[in-house]
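**Student:** with the sequence up front, the predicted model follows.
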Amino acid sequence: MTGFRWGASENFNYLVWVIVFIAVYFIFRFRNVKRLNQAFGDRIAPYLSQSVSTSQQNIKLIFEVIGCVFLIIAMARPQLGQTQQEIKSEGIEMMIVADVSESMLAEDIKPSRLELMKVELEKLVDMLPGNKIGLIAFAGSSALMSPLTTDPGALKMYIQSLDVNSVSSQGTNFQVALSYAKESFEKGGVTQSDNLKTTRVVLVLSDGEDQEPNALDEAKKMSELGIHIITVAYGTEKGGSIPARDIYGNLNGSKKDKSGQPIITQVHGDFLKEIAEKTKGQFYTSSFGGDHLKSIVTNINEFEKEEFASSVNLQYDEKFVYPLGLGILFLCLSFIIFNRNANLSAWKGMYDN
C-alpha cells in the first residue's frame with residue numbers, strides 16, 4: 001500500500017469552467033436587476049422582483065457549484081493504495097516461412113493456394129497468442145517480412161501483404177529460406193545458453209514445387225540445433241494452371257512453357273513431409289474446412305514453453321465513487337430548492353413610504 005495520488009489530475013482543468021459559470025451567472029443577474037430598475041425605477045422594481053428569493057438563489061447556486069466540483073474531483077480519479085501483479089510472457093519462438101512463388105497462384109484450391117495460405121495464417125496467429133512469431137517470404141530468394149514479435153496485429157498486416165512481388169526472384173529455394181529462418185532466430189530471438197533453451201519452430205507453407213537441392217541438408221543442421229520444422233502443403237495432386245494477368249490485373253489466360261503448353265503445377269507433399277521428418281516435426285495438408293490448423297496448434301502447444309519476459313503491473317485502488325456520489329447528491333438537492341419567496345409585501349401605491 002502507498003499514499004494518495006490522482007489518476008487523471010489533468011481533469012482539474014475543468015474547474016476553470018466552474019469559475020466561468022459563476023462569473024456569467026452573476027453578470028446576468030446584475031444586468032437583469034439593472035434593466036429592471038432602469039425600466040420601472042428604484043421604488044417599483046423591488047416589488048416586481050420580490051417573488052424571487054435571492055437567498056434561495058444563492059443556496060441553489062452553492063449546491064450546484066459544490067456538485068460540479070465533486071464531479072470534477074471524481075473525474076480526476078483519486079486513488080489510495082496499490083497492489084502489484086507480476087505478468088509473465090511465456091511461449092515459443094516460431095518463424096513462418098511462406099512460399100510466394102508463382103506456382104502458389106494456381107487455383108486448384110480456391111480462391112488460390114496463396115490466398116488460402118494467407119487466410120489460414122491469420123487464423124493461426126489468432127490461435128497462438130503469447131508466442132513470438134516472425135514471417136519470411138520465399139521463392140527463389142527470401143525476404144524477412146516481420147522479425148519475431150508478440151504483436152498479432154502487426155504480423156497479420158505483413159501476412160496480408162504477401163504476394164509474388166515480396167521477393168526479388170522466382171523459384172522455390174527451400175535451402176535459402178530455412179537458412180534465413182535460422183539466422184532470424186539468432187538475431188531476433190532469446191539468447192540461448194546452458195540455462196535457457198527456447199523452443200524454436202519453423203512453419204513452412206508451400207506447394208513443394210521446383211525445390212532446389214540442399215534443403216534436406218539444411219533441415220538436418222537445424223535439427224541438430226533443436227529446431228523443429230512443421231510443413232503444410234497447399235495444392236492438389238491433379239494440380240492446376242498458373243493464371244497470367246496483364247499489368248492491370250485482368251486475367252489473360254494461363255502461363256505456358258517454351259513449347260506453348262499450359263504449365264500445370266502439382267503439390268509435392270512427399271518432399272515437404274521429408275523435411276518435417278528430418279527435425280522430428282509434423283507434416284499437414286491444407287484442405288478447405290479441414291482441421292489441420294487445430295492439429296498444428298495442438299502440436300505447437302505440446303512443445304515446452306519458455307518465459308520471454310516478466311513485468312510488474314501496478315494496480316491502484318480507485319476512490320472516485322465517493323466524490324461522484326457526493327456530486328450527484330448536491331446536484332439533486334439543487335433541483336429541489338425553489339427560488340420563490342413566500343413572504344411578499346403588498347403594493348400600497350406609488351406614494352408608499
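**Tutor:** Good, I have the coordinates.
**Student:** strand partners of the host helix or strand of Ala244, parallel vs antiparallel please.
**Tutor:** Following DSSP states H and E, one finds Ala244 within strand 243-245. Partners of strand 243-245 in the sheet, by DSSP bridges, are strand 251-254 (antiparallel).
**Student:** which residues touch the partner strand?
**Tutor:** Strand 251-254 is contacted by residues Ser241, Ile242, Pro243, Ala244, Arg245, Asp246, Pro262, Ile263 when judged by CB atoms under 8 Å, 6 or more residues apart in numbering. (C-beta placed from N, C-alpha, C; glycine too.)
**Student:** would you list every one of the strands in the stretch 251-353 of the chain?
**Tutor:** Secondary structure of the stretch 251-353 of the chain, counting by DSSP state E, counting those that start in this stretch: strands at 251-254, 264-265, 283-285, 306-318.
**Student:** picking that back up, just the buried ones out of the contacts of strand 251-254, please.
**Tutor:** For those, a burial check counting by 16 or more other CB atoms under 10 Å picks out Ser241, Ile242, Ile263.
**Student:** so who does the residue lying closest to the last one once chain neighbours are set aside touch?
**Tutor:** What that stands for is Ile263. Spatially, and ignoring its direct neighbours in sequence, Ile263 is nearest to Lys255 (4.9 Å; CB to CB, 6 or more residues apart in numbering). Contacts for Lys255 (CB under 8 Å, 6+ apart) come out as Glu102, Ser241, Ile242, Pro243, Ala244, Pro262, Ile263.
**Student:** name the nearest of the residues you listed relative to Ile328.
**Tutor:** Closest to Ile328 out of the contacts of Lys255 is Pro243 (65.9 Å), distances taken as CB to CB.
**Student:** ok, that closest one touching Leu105?
**Tutor:** Yes. Counting by CB atoms under 8 Å, Pro243 touches Leu105, with 5.8 Å between them.
**Student:** overlap in contacts of the two?
**Tutor:** Ser112.
**Student:** looking at the contacts of strand 251-254, spot the one nearest Phe185.
**Tutor:** Relative to Phe185, the closest of these is Ile242; by CB to CB it sits at 32.6 Å.
**Student:** for the closest one, list the residues it contacts.
**Tutor:** Ile242 neighbours (CB under 8 Å, 6+ apart): Glu102, Ser103, Leu105, Ala106, Ser254, Lys255, Ile263, Thr265.
**Student:** among the residues you listed, who's most crowded?
**Tutor:** The residue in the contacts of Ile242 with the most neighbours, by other CB atoms under 10 Å, is Ser103 (31 neighbours).
**Student:** what ranges do the strands span in the stretch 101-250 of the chain?
**Tutor:** Under the criterion DSSP E, counting those that start in this stretch, the stretch 101-250 of the chain carries strands at the ranges 132-138, 142-149, 200-206, 227-233, 240-241, 243-245.
**Student:** identify all contacting residues around the shortest one.
**Tutor:** Residues outside strand 240-241 that contact it (CB under 8 Å, 6+ apart) are Ala106, Glu107, Asp108, Ser254, Lys255, Pro262, Ile263, Ile264, Thr265.
**Student:** ok, 6 Å please
**Tutor:** With contact meaning CB atoms under 6 Å, 6 or more residues apart in numbering, strand 240-241 is reached by Ala106, Glu107, Asp108, Ser254, Pro262.
**Student:** ok, the residue nearest the centre of the chain to Met94 distance?
**Tutor:** For the chain, Gly153 is the residue whose C-alpha lies nearest the centre (CA atoms, centre = their mean; 5.8 Å). The gap separating Gly153 from Met94 is 17 Å, by CB to CB, to the nearest Å.
**Student:** Val16 now?
**Tutor:** With CB to CB as the criterion, Val16 and Met94 are 53 Å apart.
**Student:** next one: Ala23
**Tutor:** Between Ala23 and Met94 the computed distance is 63 Å (CB to CB).
**Student:** quick revisit: tabulate the contacts of strand 251-254 (TSV), appending distance to Glu186 and pLDDT.
**Tutor:** Compiled in TSV, these are given as follows (distance: CB to CB, whole Å; pLDDT from 0 to 100):
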residue	distance to Glu186	pLDDT
Ser241	40	86
Ile242	35	83
Pro243	38	84
Ala244	40	81
Arg245	39	73
Asp246	42	71
Pro262	43	83
Ile263	37	80
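**Student:** is His228 in a bridge, and if so with what?
**Tutor:** Beta-bridge partners for His228, by DSSP bridges, are Val201.
**Student:** OK, contacts around it?
**Tutor:** His228 makes contact with Val201, Thr279, Gly281 under the criterion CB under 6 Å, 6+ apart.
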